[in-house]
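S.K.: got a sequence here, can you build the structure:
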Amino acid sequence: MKPSDEILRGREKEGTGGGPHRRYMFLSILSVLLGVVAWQVTARFASKLFFAGPWETGVAFVELLRSGDLQPDLWVSGLEFSYGFGLSILIGVPVGLAMAISQRVEAVVDPWASILYSTPRLALGPIVVLWLGIGISSKVLLVFLGALFPILISTYVGAKNVDAQMKLVAHAFGATRGEQFRSILIPGALPHIISGFRLGAIQGILGVIVGEFFGSRRGVGNMIFAAAETFDTAKMFVGIAIFAAAGLVASFALRAIEKWYAPWRQNASE
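M.R.: Residues are numbered from 1 along each chain as shown. Prediction:
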């Protein structure tokens, strides 16, 4: 049976059994709501000078929207993330697949992936901003460096761990290397690739924060830094909440994509 047939069967099975998925969504939403309640309770006993609750944060968010001060910051941070994350996908996935296929590519890339992946973004932030300035390019590079290696490594691991028996069977039936790549390697590595996207998105958001903290004219990170300097706690919490919500939305969106394109993995875990 072709992998495409397995995908179709998995999607049909997915449509008939949504119970575990609904329970997962219910528990996730409940967990977030309990977190917001705990946040509000903590705010009642904390100093307003150093801590803002969800109500105060929501009021500040609405005021920033009405004044038009928030939209340019959201636009700049969104551009920085989109460019850097998109570039990390365009480079990370092909290089990860090449590492899995070719030992020479693996030998060349693996040491650099280990070195740069273990280097903290906080250490690279000042250097990158010094090299490229406080414009958008320095943040794009930090997002790219943060997201690249989770995507690259996850792609490499997923492609490397594709069932060898499937490759042998395909070869025995006369499948070309291109057909094996499209029908076995890519579908087999896809769940790991999407997991790499999820990890890379979180690291990319951190890259935006680090870059805007060290030097920027606009952006949500710059807004947080400026608000902290003036003790505008509610505005600072607006920026923190925006980044937290962005990470949550990215994680759920990529999980939904994984459930659609790799339903056999979800069914196996359920």
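S.K.: any buried residues in stretch 100-113, and which?
M.R.: Across stretch 100-113, burial judged by 16 or more other C-beta atoms under 10 Å covers A100, I101, V105, E106, V109, A113. Bear in mind the C-beta positions are built from the backbone N, C-alpha and C, glycine included.
S.K.: and which of those residues is nearest A52?
M.R.: A113 (40.0 Å; C-beta to C-beta).
S.K.: that closest one against P150, yeah?
M.R.: No: applying C-beta atoms under 8 Å, one finds A113 not in contact with P150, separated by 10.3 Å.
S.K.: overlap of the contact sets of the two?
M.R.: By C-beta atoms under 8 Å, 6 or more residues apart in numbering, A113 and P150 have no common neighbours.
S.K.: ranges for the helices of this structure?
M.R.: 3-16, 19-45, 54-67, 70-101, 103-118, 121-132, 136-160, 164-172, 177-180, 186-214, 220-229, 233-261, 263-269 (DSSP state H).
S.K.: so where's the stretch 101-250 of the chain uncertain?
M.R.: 163-183 (pLDDT under 70).
S.K.: how about 80 then?
M.R.: Low-confidence segments of the stretch 101-250 of the chain (pLDDT under 80): 119-123, 162-188.
S.K.: residues touching the closest residue to P126 other than its chain neighbours, list them.
M.R.: Sequence neighbours aside, F214 is the residue nearest to P126 in space, at 5.5 Å (criterion: C-beta to C-beta, 6 or more residues apart in numbering). Residues counted as contacts of F214 (C-beta under 8 Å, 6+ apart) are G125, P126, V129.
S.K.: distance between stretch 76-94 and the chain's centre?
M.R.: Relative to its chain's centre, stretch 76-94 lies at 10 Å (C-alpha atoms, centre = their mean, to the nearest Å).
S.K.: average pLDDT for it?
M.R.: Average pLDDT, stretch 76-94: 95.
S.K.: what's that stretch in contact with?
M.R.: 136, 139-144, 146-149, 151-152, 155, 193, 196-197, 200-201, 204-205, 207-208, 211-212, 216, 218-221, 246.
S.K.: alright, that wraps it up for me.
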